[in-house]
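[1] Predicted coordinates and the sequence they were generated for:
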Amino acid sequence: MARKDLLFGNLFDSCPESWDVVPFEEAIDFQEGPGIMAIDFHEKGIPLIRLKGVQRSTVSLDGCNFLDPEKVKKKWNHFRLELGDLLISTSATIGMVSEIGIETEGAIAYTGLIRLRPRNKKVLPGFIKQFASSTYFIQQAEGMAGGSVLRHFGPSHLRQMSFPIPPLLEQKAIASMLGSLEEKIEINRRINSILEAMAGAMFQSWFVDFDPVRAKLDGNKPAGMEDATAKLFPDAFQDSELGHIPKGWKILPVGEVVECVGGGTPSTTEPKYWEGGTHHWTTPKDFSSLQSPILLNTDRKLTDAGIAKISSGLLQAGTLLLSSRAPVGYLAIASMPVAINQGFIALKCNENASNFFMLNWCQSNMQEIESRATGTTFAEISKQNFRPIRVVLPTKNLMQAFTSKVEPLYDQIAANLRQSQTLASLRDTLLPKLLSGELRVENLQT
């Protein structure tokens, strides 16, 4: 079929003549997951993949439900996913494509997720994955919504799209080059998940379960701890309003441990607050895509005049930010000076409690934080309701010891995030150029 006969065919005018451009459904077999009622959900069985499971490069069981195997065999067996299949969301960020791995092989995708696989041997799954992440795919998808923000996306739209097919060797080279960048990004994410879990496990052991104190109380040395650190823990408990706590520790309202401040939004219709702005300004929206609790960048920036309109001003790097609404509970440490909107409580930490201690404290006490939120339209926790929450506070020497041990972990998390941002930027720069034929893999490798 001639390219000019295809919908959106002009997008592919720059493709090499050796590439075919065909209707999407001619190259790709696709199927949306079935709509299944909650009454069919079970505690175990065949996994039903939900939107949360396609947030990474490989599909996970995060947020999934389960289905009865016998009912699946009777009603939904033709929806079972195969190893190497791709899933794409029809409602979240277009271009988020995840691959079925061993963990999710045989699962079923819920409605709102579309399964993609090659219709024939002319197309490689790895190339499909890169194409579905590209501006070519996104431009076609957005075009279906008349140029506005895409609200609904489904199989009917895919049937109107076009798909470029380079020679197999070219597809393999493109998928390999871009896939190697994605693999490194995924490795960094996994490493960060481990590093964050290590810091959380230490906090839980020291400040929630009081394992070192219990060990010393029993006449034992705290496991895996050097003598200098072990000496900082008492060998007895004391009674308190929160039950037994280590002897010599305090219980204080969080508002007396750290300074809690809010933010604001300068008038968005006043250009002098925004145009040419250089100061980071954040909203909870910036936190929705964070995979680690470190904020490296913001969507918008303010001028000096804009900063002057916010009572808390420009907060210093290292400030811990807690989203107080829409939703309650996003957490991140700012890696740079930043101003905040009214959707946050900023915790200005000090020698009493470090930002790393308070980050883990908030994570550990999130149920308590959320329980103090009020509101009818949406839940919100005010500074007034947040400040009275009680903190079990260790001695300053022990606080310093904890901080010194976990700070390198969070430094490495930040370094990995920065590297991943660089790799993602490189991938996003190369992707459209490789898919259009403007750049050829053999030229980049010489």
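    The structure has been received and is ready for your questions.

[2] Do you have the helices of the stretch 251-400 of the chain handy? List them.
    254-257, 304-308, 355-364, 366-371, 383-386, 396-436 (DSSP state H, counting those that start in this stretch).

[3] nearest to residue 338, of the ones you listed?
    Nearest to residue 338, of all those, is helix 304-308, at 10.3 Å by C-beta to C-beta. In short, each C-beta sits where N, CA and C put it, glycine included.

[4] Buried residues in the closest one, which are they?
    306, 307 (16 or more other C-beta atoms under 10 Å).

[5] who are the neighbours of that helix, in terms of helices and strands?
    Packing partners of helix 304-308 (3 or more C-beta pairs under 8 Å, 6 or more residues apart in numbering; DSSP states H and E): strand 279-282.

[6] what's the strand it packs on packed up against?
    strand 300-302, helix 304-308, strand 338-340.

[7] Show me what the first one pairs with in its sheet, parallel or antiparallel.
    Same thing as strand 300-302. Using DSSP bridges, strand 300-302 pairs in its sheet with strand 279-282 (antiparallel).

[8] Give me the mean pLDDT for the partner strand.
    For strand 279-282, mean pLDDT rounds to 98.

[9] Would you mind telling me which of the helices and strands packed on strand 279-282 is nearest residue 270?
    Per C-beta to C-beta, nearest to residue 270 of the helices and strands packed on strand 279-282: helix 304-308, 8.3 Å.

[10] For the helices and strands packed on strand 279-282, give me a markdown table that also has distance to residue 203.
    Below are the helices and strands packed on strand 279-282 laid out as a markdown table (distance: least, C-beta to C-beta, whole Å):
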| stretch | distance to residue 203 |
| --- | --- |
| strand 300-302 | 33 |
| helix 304-308 | 33 |
| strand 338-340 | 24 |
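
[11] Quick check: residue 180 is in a strand.
    No. Using DSSP: H, G, I helix; E, B strand; the rest coil, the assignment for residue 180 is helix, not a strand.

[12] How many neighbouring residues does it have?
    The tally of other residues near residue 180 (other C-beta atoms under 10 Å) stands at 12.

[13] For it, give its distance to residue 369.
    Applying C-beta to C-beta, to the nearest Å, the value for residue 180 to residue 369 is 41 Å.

[14] cool, and residue 404?
    Residue 404 is 27 Å from residue 369, by C-beta to C-beta.

[15] One more: residue 376?
    As for residue 376, its distance to residue 369 is 19 Å (criterion: C-beta to C-beta).

[16] Ok, residue 207 next?
    On the measure of C-beta to C-beta, residue 207 and residue 369 end up 16 Å apart.

[17] quick one, what contacts residue 110?
    If you count contacts by C-beta atoms under 8 Å, 6 or more residues apart in numbering, residue 110 has them with 33, 34, 35, 36, 48, 49, 50, 51, 65.

[18] ok, 6 Å please
    Residues near residue 110 by C-beta atoms under 6 Å, 6 or more residues apart in numbering: 33, 48, 50.

[19] Buried only: go through those residues for me.
    Buried residues within the contacts of residue 110, counting neighbours by 16+ other C-beta under 10 Å: 33, 48, 50.

[20] Could you dump those residues into a markdown table and include secondary structure?
    As requested, the buried ones among the contacts of residue 110 are exported to a markdown table (three-state DSSP):
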| residue | secondary structure |
| --- | --- |
| 33 | coil |
| 48 | strand |
| 50 | coil |
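
[21] Just give me the closest of the residues you listed to residue 235.
    Distances from residue 235 to the buried ones among the contacts of residue 110, taken as C-beta to C-beta, are shortest for residue 50 (47.9 Å).

[22] Let me know the helix or strand that the nearest residue to the closest one once chain neighbours are set aside is in.
    Distances taken as C-beta to C-beta, 6 or more residues apart in numbering put residue 63 closest to residue 50, at 4.5 Å, once the chain neighbours are dropped. Assigned by DSSP states H and E, residue 63 falls within no helix or strand.

[23] ok, back up a step: closest to residue 232 out of the helices and strands packed on strand 279-282?
    Comparing the helices and strands packed on strand 279-282 against residue 232 with C-beta to C-beta, the closest turns out to be strand 338-340 (33.0 Å).

[24] residues in contact with that closest one?
    Applying C-beta under 6 Å, 6+ apart, the contact partners of strand 338-340 are 263, 280, 281, 282, 302, 307, 310, 314, 315, 346.

[25] tell me which residues in that strand are buried?
    Across strand 338-340, burial judged by 16+ other C-beta under 10 Å covers 338, 339, 340.

[26] just stretch 336-349 next, same as before
    In stretch 336-349, counting by 16+ other C-beta under 10 Å, buried: 336, 338, 339, 340, 341, 343, 344, 345, 346, 347, 348, 349.

[27] and residue 404 and residue 369? which has more neighbours close in?
    Counted by other C-beta under 10 Å, residue 404 and residue 369 do not tie: residue 369 has more neighbours, with 22 against 12.

[28] ok, for the more buried one, nearest residue in space, not its chain neighbours?
    Among residues not flanking residue 369 along the chain, residue 381 sits closest, at 6.2 Å (C-beta to C-beta, 6+ apart).

[29] Next up, the contacts around the one you found.
    324, 328, 372, 373 are the contacts of residue 381 under C-beta under 6 Å, 6+ apart.

[30] gap between it and residue 287?
    15 Å.

[31] low-scoring stretches of the stretch 1-150 of the chain, by residue?
    1-11, 92-95, 145-150 (pLDDT under 70).

[32] Mind jotting down where the strands sit in it?
    Secondary structure of the stretch 1-150 of the chain, counting by DSSP state E, counting those that start in this stretch: strands at 20-23, 28-32, 46-49, 65-67, 86-89, 97-99, 108-109, 113-118.
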